[in-house]
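Trainee: A predicted structure for the sequence below; I have some questions about it.
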Amino acid sequence: MKRILSVVVILGCLFLSTACGTRSGGDAPPVQQPVQLTSERRLYVSAMFTDKVVVIDLDSLAIEAEQRVGETPYGLAVDRAGNQLLAACSLSNEVWCLDLTTLETKAVIAVDRLPAYITIDEEKRRAYVGNSGSDTVSVIDLDAHREIDRIQVGKAPVNLALLPDRRLAVTLHDEGTMAMIDLDNLEVVSRHPIAGNAVGLAFDSRQELIYTGGHGLLEDNNIVRIHPLRDPDNVGQLETPLMPIYLELTPDGSKLLSLHHRINQLFVIDPATGVMLGEMNAGKSPFSTAIWDDGRMAAVANMDSNEVQIVDLEHFDTVKFIKVLEGPACMVVLD
């Protein structure tokens, strides 16, 4: 289970067997040594195949620390108000909460099967987790450190995005749909067709547009769909190369990063015109991106070459490859 090439294979393998489920009650939690992070700007990286989180200093571009968490860490999110990093650990069915500075464990929260991505509403003190193996989204109280509800959404919820008016968009990987959740009532209020096996999801709050990208071997796996927030079925599209597994917008919405793990490339697109602004070779099986410096810099997690690639988005150039632990999957920036 520890060498898997893509998110589809990862999720597929995880769905097949309950033997890959929660850590047995007799197992001790992983041993952790507290650290003292001194960097002001950090990149947290989930090392999926080594059950650790890696911290990179964004000024020196060097690894500052590593910390063991649960089995197969995947999605990450930063809760600045609560001074904690959340890590979804897929094979132990947990969300780990780590202190942002010492990486000590603040809590381990049991969730439903195979948690994938996490998103946080700091104002409401809630986190939402797509449980890809149980067709639910977990609702977590960030202060009490406990799961307070589960929302039935559909087959294989993976990625999530907070929207205005207390709504949450969720990509349903195995349905080829996007579910809209009313967060006041915790129920699905609408569903909208998206590309098959969609994983990529990004929201432009300025233009109120949702971007989704397909991943599987279906006919529409080279299309990024554009859904107006007020009319999600009135879909536009951007044609891209094969399989846009991960999508991310710069803060000003002027650049859309489209990551393609099958062809090991990162494309930067002007979402307003669809014009390709730049492209870069990535490492093996790039899996996710993370942006900082107001959209001037980005990182690419290259899962099968075990490296984080630092990219200058103004000049479309690679600044550095940083070797990390096996299976870098998801990343989040604290700056």
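Mentor: Looks like it came in fine. Residues are numbered from 1 along each chain as shown.
Trainee: helices of the stretch 1-150 of the chain, start to end?
Mentor: 7-16 (DSSP state H, counting those that start in this stretch).
Trainee: residues contacting the closest residue to residue 142 other than its chain neighbours?
Mentor: What sits nearest to residue 142 in space, not counting adjacent residues and going by C-beta to C-beta, 6 or more residues apart in numbering, is residue 125, at 4.6 Å. Where C-beta positions appear, they are placed from N, C-alpha and C, glycine not excepted. Going by C-beta atoms under 8 Å, 6 or more residues apart in numbering, residue 125 touches 81, 82, 141, 142, 143.
Trainee: mind checking how far residue 125 is from residue 199?
Mentor: Taking C-beta to C-beta, to the nearest Å as the measure, residue 125 falls 27 Å from residue 199.
Trainee: can you check residue 119 too?
Mentor: Distance from residue 119 to residue 199, by C-beta to C-beta: 14 Å.
Trainee: the two: which is more packed in?
Mentor: More neighbours surround residue 199 than the other of residue 119 and residue 199, with 30 against 22 (other C-beta atoms under 10 Å).
Trainee: surely that one meets residue 159?
Mentor: Yes: checked against C-beta atoms under 8 Å, the pair residue 199 and residue 159 is within contact range at 5.8 Å.
Trainee: pull up the overlap in contacts between those two.
Mentor: Counting by C-beta under 8 Å, 6+ apart, the contacts common to residue 199 and residue 159 are residue 171.
Trainee: quick revisit: and the residue nearest to residue 142, its phi and psi?
Mentor: In terms of degrees, to the nearest 10, the main-chain angles of residue 125 are phi 60, psi 50.
Trainee: from residue 308, how far off is it?
Mentor: 30 Å.
Trainee: which residues of the stretch 201-335 of the chain score low on pLDDT?
Mentor: For the stretch 201-335 of the chain, applying pLDDT under 70 flags the ranges 215-221.
Trainee: show me where it has its strands.
Mentor: Using DSSP state E, counting those that start in this stretch, the strands of the stretch 201-335 of the chain run over 209-213, 223-228, 236-239, 244-249, 256-260, 265-269, 276-281, 286-292, 297-302, 307-312, 317-323, 328-334.
Trainee: the fourth one to strand 209-213, inter-axis angle?
Mentor: Which is strand 244-249. Calculated by axes from the mean of the first three to the mean of the last three C-alpha atoms, to 10 degrees, strand 244-249 forms an angle of 160 degrees with strand 209-213.
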